[in-house]
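# Could you work out the structure for the sequence below:
(one chain, ligands or ions: 1)
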Amino acid sequence: MRDLATNLHTAFAEALQTPATYPSGADHDAMVKQSVDRLAQLSDSARRHVDIGPYPDALTRYGADLLAQIIKTPLAGLIKDLWPELHWYEIFSDASISETLSKGLITAPIAGSRGQLVSEKILSGIFLLAPHIHYPLHQHPALEIYYVLSGEVNICHGRDKSPMHIRAGDFSLTPPDQVHSLTTGDSPCLIIYTWTGDLANENWWWVKEDDVWIRKCWQREASGTWKVVHKEPLRDEIIALSGDG
Ligand SMILES: [Fe+2]
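Residues are numbered from 1 along each chain as shown. As a prediction, this is how the structure comes out:
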């Protein structure tokens, strides 16, 4: 069996040499270093077999085209090779979101609590967004990297910020607790992500209810799917931490 951990670390480190999209004031070099350092700690000695479940509809519909158009870089090549071994599922399942959104956001873990490479220090995997998806503003304590493998997407780092367009070969950095959203256009998008730092099991979505901003907390269940467990008003101190200025 080839050494997935080493190849993933090497290919990701190479991919992160390209220019990045990130909020002004964020420390680009520190964020890249943290992510690459965590990837370097992955090991194939902690590799396990993951059963492949039924394919989600979005994979059946968009997977082949996204794979055919995948960018020609070592990281994308690695994902292409790994593709038949990936277990995909819908990320968010809850009555409070539309079926378009719950069916249109799917993931396949590679490293972390559910991936082939067992780790408590990093989460990494593939993320597929269907066309015309808006993954609402959200924040989490982990530092996040998105590297686009195929297609294109807009990332926005705040309620009043202009979205930034990233396409295959580009990556974005999102600091811990920074609020951000993703939006696709007419095409689907395939991303590889990393979460490093504080991997707390929470993801806060910012939404407007009755014209008032609130945030709702999603937590990951044992199945990997996230569900809403709590809602609260969007307080000033939370906004101050979120980079939404
Ligand atoms: Fe995120």
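# right, and residue 14 touches residue 78 too?
No. If you go by Cβ atoms under 8 Å, residue 14 and residue 78 don't touch, sitting 10.6 Å apart. (C-beta placed from N, C-alpha, C; glycine too.)
# And those two? Which one has more around it.
Using other Cβ atoms under 10 Å as the criterion, residue 14 and residue 78 rank with residue 78 on top: 20 against 13.
# Next, that one: secondary structure please.
Here residue 78 is recorded as helix under DSSP: H, G, I helix; E, B strand; the rest coil.
# pretty sure residue 82 contacts residue 109?
No. Counting by Cβ under 8 Å, residue 82 stays clear of residue 109, with 11.4 Å between them.
# Contacts for the one helix or strand in the chain whose mean pLDDT sits lowest, please.
In the chain, no helix or strand scores lower on mean pLDDT, DSSP states H and E than strand 20-21, which sits at a mean of 90. Around strand 20-21, the neighbours that count as contacts under Cβ atoms under 8 Å, 6 or more residues apart in numbering are 28, 32, 155, 164, 166, 170-173.
# now, among these, which is nearest to residue 52?
residue 171 (27.2 Å; Cβ to Cβ).
# so what's the nearest residue to the closest one once chain neighbours are set aside up against?
Leaving aside its sequence neighbours, residue 171 sits nearest to residue 147 (Cβ to Cβ, 6 or more residues apart in numbering; 4.2 Å). Taking Cβ under 8 Å, 6+ apart, we find residue 147 in contact with 12, 15-16, 75, 170-171, 191-193.
# I'd like those residues written out as CSV, with neighbour count, secondary structure and pLDDT added.
Below are the contacts of residue 147 laid out as CSV (neighbours: other Cβ atoms under 10 Å; DSSP: H, G, I helix; E, B strand; the rest coil; pLDDT from 0 to 100):
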residue, neighbour count, secondary structure, pLDDT
12, 25, helix, 94
15, 22, helix, 95
16, 21, coil, 95
75, 23, helix, 95
170, 20, coil, 95
171, 25, strand, 94
191, 24, strand, 98
192, 24, strand, 97
193, 19, strand, 97
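# would you turn those into TSV with distance to residue 97?
TSV is the format used below for those (distance: Cβ to Cβ, whole Å):
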residue	distance to residue 97
12	30
15	31
16	31
75	30
170	27
171	27
191	19
192	24
193	20
